[in-house]
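# Sequence and predicted model, in that order:
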Amino acid sequence: MDYHYNYGGGASAGTIGLKDSNGKSVGTWTVTVRSDVYWDVKPNVVIGPGTYTVVDSDTSTWSQNNESNNQGMSIISGIWATRTTPIASASSTPVAVRVGDIKTGSKVQAATQSVDSSGGIVAVSKPGDPLDGFVIDVPSTAYSGNTTFKVSSAPITSQTFGSDITPISPMIYVDNGGAFADDLMYVRVPVKVPDGYFAMGFYYDPATKQLEGMPLLSTDADSVTVGAQHFSDFLSV
């Protein structure tokens, strides 16, 4: 997804492409425009680890600011998967999606707060609670009406993903009635990131037992900030 706010004017449909670090094109796809400002594509391709460049066909309206280092704002999400054959194989090669169980203890309520159409901050101030310092920054463009957020967590007691993940937060639950936001919300998760580790946020689907990466916005020794337009079970690892 590329963001084309363009002073509120949005942009007509174009294309989004992806190139690897060698400049080789992974693909170029025609977008679907959502809410006038979001360019969405769902190419369903498998990419390996590495550094990639997003190629937008309309850079003049592609939103950017100082926080994005004056580079176009994009979100790329997918499913953590392991190929059964080398990356060099044909694109039709099947993938084996990583699945696993995450068990939790009892759920504890941390905060309940309502935000109106002008936006606002949902914050947990509860000394001693693992979510003390948790924040959801809801922009005025997220919801057209009043939305109530109920935040809770449960300790992670075991997981079967093995050494591939190291949970550094409890399982976090945010109930806002399932509403899908029209704009990205910033979610700060208080965690202690061990030296030498790189932390991220993941949705966890207990039905499919799959992890899905959340857009990583920033991280430091005491927190991970991710982007979200909807909520389901999630954690930091």
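Yes, it's here.

# Just list the residues touching the residue nearest to the spatial centre of the chain, thanks.
Centre of the chain computed as the mean C-alpha position; nearest residue by Cα atoms, centre = their mean is residue 214, 2.1 Å away. Residue 214 makes contacts with 77, 187, 200, 201, 202, 203, 226, 227, 228, 234, as judged by Cβ atoms under 8 Å, 6 or more residues apart in numbering. Using the backbone N, CA and C atoms, a C-beta is placed for each residue, glycine as well.

# which among these end up buried?
Of the members of the contacts of residue 214, the ones counted as buried by neighbours, 16 or more other Cβ atoms under 10 Å, are 187, 200, 201, 202, 203, 226, 227, 228, 234.

# Give the pairing partners of the helix or strand containing the fifth one; include direction for each.
Think residue 203. Element membership for residue 203, per DSSP states H and E: strand 201-205. Next to strand 201-205 in the sheet, as set by DSSP bridges, lie strand 210-213 (antiparallel), strand 234-236 (antiparallel).

# For that strand, give me every contacting residue.
Contacts with strand 201-205, where a contact means Cβ under 8 Å, 6+ apart, come from 102, 165, 171, 187, 189, 210-214, 216, 224, 226, 232-237.

# out of the strands paired with strand 201-205, deepest packed?
The highest mean neighbour count among those, using mean count of other Cβ atoms under 10 Å, belongs to strand 234-236: a mean of 23.

# What lies in contact with it?
Contacting residues not belonging to strand 234-236 are listed as 102, 156, 167-172, 189, 191, 199-204, 214, 224, 226, 228 [Cβ under 8 Å, 6+ apart].

# any idea how far it is from the chain center?
How far strand 234-236 lies from its chain's middle: 10 Å, per Cα atoms, centre = their mean, to the nearest Å.

# can you give me the mean pLDDT across that strand?
Taken as a whole, strand 234-236 has an average pLDDT of 94.
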